[in-house]
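In: Next input, structure requested:
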Amino acid sequence: MKKTMKIAAALLFAAVIIGGALTGCRKQEAQSAAEQGGGTGRITPITFLLLGNKPTNGRAEAAVAEINKIVGPRLGVELRTQYIEWADWQNQYQLALASGDPNLDLIVTATDWLYAWEIARKGGFYPLTPELIQKNAPLTWAEIPQSHWEFCSEGGKIWFIPEDQYSQYTNHGMYWRKDWAAEGGLESVAVFEDLEKYWDIVKKNHPEAYPWDINGAEYRDFGLIDAYFKAKRPVQTIIGAAAGNYNIFQYNTGDPSTVISYYMDGNELADAAVLLDRWAKKGFWREDVLNYRGETRNLLLAGLSGSDQHHVQTYISLREQMDREQPGSELQMYYWGMESENVNKDLLTHQALAINAASKNVEKALQLYDLMRNDKQIYLLYNYGIEGKDYVVLPDGRFSRPEGWNSSTDALDTNFWAGRVDKFEPEWDTWWVGRKPFIERLNTFAKDYPLGKFSFDNTKVAAEMAAIGDVCATYLPSIHFGKTGNPEKAAADFRAALKSAGYDKVKAEVQAQLTAAYK
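Out: As a prediction, this is how the structure comes out:
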C-alpha cells in the first residue's frame, strides 16, 4: 500500500463531509412525504456500491432490469450497481467513500474487513436515526433486535444495518483434494504440518498442477502465517485495529483483554519464516508468485491446482462445484485453529449496509434496501436472477440450474453482502450432503467473539499506524511466500522496522482503549 494513497484518502475524508454531506443530511431528513414512493413520475437513480469483479455476461443487468420494473412504479427509483473490483480493493474502496461522490447511495460495508468504524468516524457514512429507519425501512427495523442496533451505534447514531439474519461462517482455511492425498497414503490434513505432507504428494504425482497456485500479487490474507500461529497458540485477531490491511494485534483466547502480537512476541515468527522459505524452495507455489495475478480458483476447478484458500462459506459452495467439475475429488478443508478447535463465530457486522454520507437520496435508498432485503420476489431476482434462465424450481421446491448452466460463465455475481436473510434462501439440488453436518460440527465449539463492541480509534496514532502498514506491505509478502533469501534476517528486520515505525506506542494505545472499553 502506498503511503501517499493513505494520506490522500484521509485528506479527502476530512474535507468531504464538513461541507456538503452534513448539509445533505439535514435536507434528507426534511424530505417531504410527497417525494417518497413512486407517485410523482420522477425516477431517482440509487447506486449500490459492491465488492467484486463486475459481471460481464449480462445476467446481473437482466436481473436488475426486472427489479427496476417493480421498484420504478412502486418507489420511483432505479437501482444501479457499481463495483469495487478485487485488484487493489482495500484502497479503492476507501478512496471511493472519501471522494464525496453524491451518486453513491447504498454501501456494502463491514466492521472486520471493510473499515466500517474507521469510515464512519471520518464522516464517510450517513448518520441514521431510529425514526429515519422506522419511516423508510420499517420491515428491516422490525426484524432486527434492539441489541443489534446498539451494536451498530456510536455517538447516539446508527451507522450501519447489520446482515444479522443470515447464517454463515467465514473463518479461513486451506482446501485440499482427498483423492490426491490418498495417492500418497495421507488420510487427512488435520494439523498444520500435514499441509507439507499433502503438497509433497501433489508435487510428486501431479506435475501439471502447483500444490497451491495463488494470486500472490493481490493476496493479502497471509493465511499461512496466521495458520502457523493458530496451530501453536490459542490466539485470535483483535478486529478493527488493523494497520492498513494488516492485522498485527491479537489476544489469547483465555485473556481477551490483553493485547499481544504474534509478530513481535517470542521467536516463532523466525521459525515460520524458515518453514515458508523451505516450502517456496520445494515449489509449492509458482516462482513468480508475488507478481502473479491469475484466476487460481478456476485452476483448482480445472485440476491444475491442488489447493485453494478462503473461508468456510466459500468452501461449501466450492465443494459442490468440485464434485461436478472434478468428480471424486472430495474437496476437504483444513481451517486455521483446527488442532485446538480455536474458531470464532462471525460478527453481526461481518457484513452490513451503510448509506453514503454524500448521498442525495437517503430516504429512497433506505426504501429500496428495505424491499431488497424483505420482498421475496425482489430478493430472489437480485440474488439468484430470473427463473427459467438463471435457475429453475423443481417440483419439491428445491432450486436447480438450467441445462448447460456453468458457474464460470453464467454466474450472477450481484454480491448482496449486506442484507441476506435465511428466510428467503433457497435449498439447491446440488447442495453438498455434508454442508449441514459441517456447520453443525462448528456450532458445537465455535465461540462468540469477546470484543464485539470494541472499536479502535486510531486518531492519536494515525501516523504510526500508517507507517506500520507500510512496513507490513514491505516485508510480509516476501516472508509469507518464502522470497526473502534470508528468512531469519527478514523476520528480525521486520520486527525492527515495526519498532521504528512506532509499534510500542500503537500497542499501548490499543491496550488503553481496550482496557477502558471493558473495565
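In: Just give the closest residue to R59, not the sequence neighbours.
Out: Once flanking residues are discounted, R59 sits nearest to L412: 5.2 Å by Cβ to Cβ, 6 or more residues apart in numbering. Just so you know, the C-beta spots here come from the backbone N, C-alpha and C atoms, and that holds for glycine as well.
In: Check the contact between the one you found and P55; I expect there is one.
Out: Yes - using Cβ atoms under 8 Å, L412 is in contact with P55, at 6.9 Å.
In: hey, which helix or strand in the protein has the poorest pLDDT?
Out: When each helix and strand of the chain is scored by mean pLDDT, DSSP states H and E, helix 22-29 comes last, with a mean of 40.
In: Specify the next element, helix or strand, located C-terminal of it.
Out: Per DSSP states H and E, the first helix or strand lying C-terminal to helix 22-29 is strand 44-51.
In: That next one pairs with which strands, parallel or anti?
Out: As defined by DSSP bridges, the strand partners of strand 44-51 come to strand 77-84 (parallel), strand 106-109 (parallel).
In: Can you give me the buried ones in that strand?
Out: Buried residues in strand 44-51, counting neighbours by 16 or more other Cβ atoms under 10 Å, are found at 44, 46-51.
In: Quick one: list the elements packing against the helix or strand that that strand is followed by.
Out: Next helix or strand after strand 44-51 toward the C-terminus (DSSP H and E): helix 59-75. With contacts taken as 3 or more Cβ pairs under 8 Å, 6 or more residues apart in numbering; DSSP states H and E, helix 59-75 sits against strand 77-84, helix 362-374, helix 376-384.
In: Return the most buried member of those.
Out: Comparing the helices and strands packed on helix 59-75 by mean neighbour count (mean count of other Cβ atoms under 10 Å), helix 362-374 ranks first with a mean of 23.
In: so how far is stretch 282-296 from its chain's centroid?
Out: Stretch 282-296 has its C-alpha centroid displaced from the chain centroid by 22 Å (Cα atoms, centre = their mean, to the nearest Å).
In: Just the C-alphas of that stretch, formatted as CSV.
Out: Provided in CSV are the C-alpha atoms of stretch 282-296 (Å, rounded to 0.1, in the frame of the first residue of the first chain):
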residue,chain,number,x,y,z
LYS,A,282,10.1,-27.1,-2.8
GLY,A,283,7.9,-25.4,-5.4
PHE,A,284,4.6,-25.5,-3.5
TRP,A,285,3.6,-22.3,-5.4
ARG,A,286,4.9,-20.7,-8.5
GLU,A,287,8.3,-18.9,-8.6
ASP,A,288,6.8,-15.6,-9.7
VAL,A,289,4.0,-15.8,-7.0
LEU,A,290,4.5,-12.2,-5.9
ASN,A,291,3.7,-10.9,-9.4
TYR,A,292,1.2,-13.5,-10.5
ARG,A,293,-2.5,-12.3,-10.9
GLY,A,294,-4.3,-15.4,-12.4
GLU,A,295,-7.7,-16.7,-11.5
THR,A,296,-6.4,-19.6,-9.4
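In: now what about that stretch, what contacts it?
Out: 87, 199-200, 203, 210-218, 279-280, 305, 308, 477-478, 481, 483 (Cβ atoms under 8 Å, 6 or more residues apart in numbering).
In: Out of these, which end up buried?
Out: For the contacts of stretch 282-296, buried by 16+ other Cβ under 10 Å: 199-200, 203, 210-214, 216, 279-280, 305, 308, 477-478, 481, 483.
In: quick one: which of the residues you listed sit in helices?
Out: 199-200, 203, 279-280, 477-478 (DSSP state H).
In: which one among those gets closest to N374?
Out: P477 (42.7 Å; Cβ to Cβ).
In: Looks like that closest one contacts G216 (just checking).
Out: Yes - because the distance of 7.0 Å satisfies Cβ under 8 Å, P477 is recorded as touching G216.
In: how many other residues sit next to Y115?
Out: 22 (other Cβ atoms under 10 Å).
In: Likewise for W432?
Out: Counted with other Cβ under 10 Å, W432 comes out at 19.
In: So it versus W180, what's the distance?
Out: Separation of W432 from W180 (Cβ to Cβ, to the nearest Å) stands at 18 Å.
In: Just say helix, strand or coil for G240.
Out: coil (DSSP: H, G, I helix; E, B strand; the rest coil).
In: Need phi/psi at it.
Out: Main-chain torsions, G240, degrees, to the nearest 10: phi 90, psi 10.
In: and stretch 338-347, how far out from the chain's middle?
Out: Counting by Cα atoms, centre = their mean, stretch 338-347 comes out at 17 Å from the chain centroid.
In: Mind telling me which residue is nearest the centre of the chain?
Out: Centroid-nearest residue in the chain: W113, 5.4 Å away (criterion: Cα atoms, centre = their mean).
In: rewinding a little: now the strands paired with strand 44-51 in CSV, with mean pLDDT and distance to Q332?
Out: Converted to CSV, the strands paired with strand 44-51 look like this (pLDDT from 0 to 100; distance: least, Cβ to Cβ, whole Å):
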stretch, mean pLDDT, distance to Q332
strand 77-84, 98, 32
strand 106-109, 98, 30
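In: For G254, find the nearest of these.
Out: strand 106-109 (31.4 Å).
In: counting contacts, what elements does the next helix or strand after the closest one pack onto?
Out: Using DSSP H and E, the helix or strand that follows strand 106-109 in sequence is helix 116-121. Counting contacts by 3+ Cβ pairs under 8 Å, 6+ apart, helix 116-121 packs against strand 153-154, strand 352-355.
In: and among those strands, the most buried is which?
Out: Taking mean count of other Cβ under 10 Å, strand 352-355 is the most buried of the helices and strands packed on helix 116-121, at a mean of 26.
In: what sits up against that one?
Out: Identification of contacts with strand 352-355 by Cβ under 8 Å, 6+ apart yields 105-111, 116, 119-120, 125-126, 128, 152, 159-163, 362, 365-366, 369, 418-419.
In: on that earlier part again, which among the helices and strands packed on helix 116-121 is found nearest to A98?
Out: strand 352-355 (13.9 Å).
In: so how far is the closest one from its chain's centroid?
Out: With Cα atoms, centre = their mean, you get 14 Å for strand 352-355.
In: and it, which strands flank it?
Out: Strand pairing for strand 352-355, determined by DSSP bridges: strand 106-109 (antiparallel), strand 161-162 (antiparallel).
In: Let's have the ones you listed in a markdown table, adding distance to S257 and mean neighbour count.
Out: Shown next, in a markdown table, are the strands paired with strand 352-355 (distance: least, Cβ to Cβ, whole Å; neighbours: other Cβ atoms under 10 Å):
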| stretch | distance to S257 | mean neighbour count |
| --- | --- | --- |
| strand 106-109 | 27 | 27 |
| strand 161-162 | 24 | 26 |
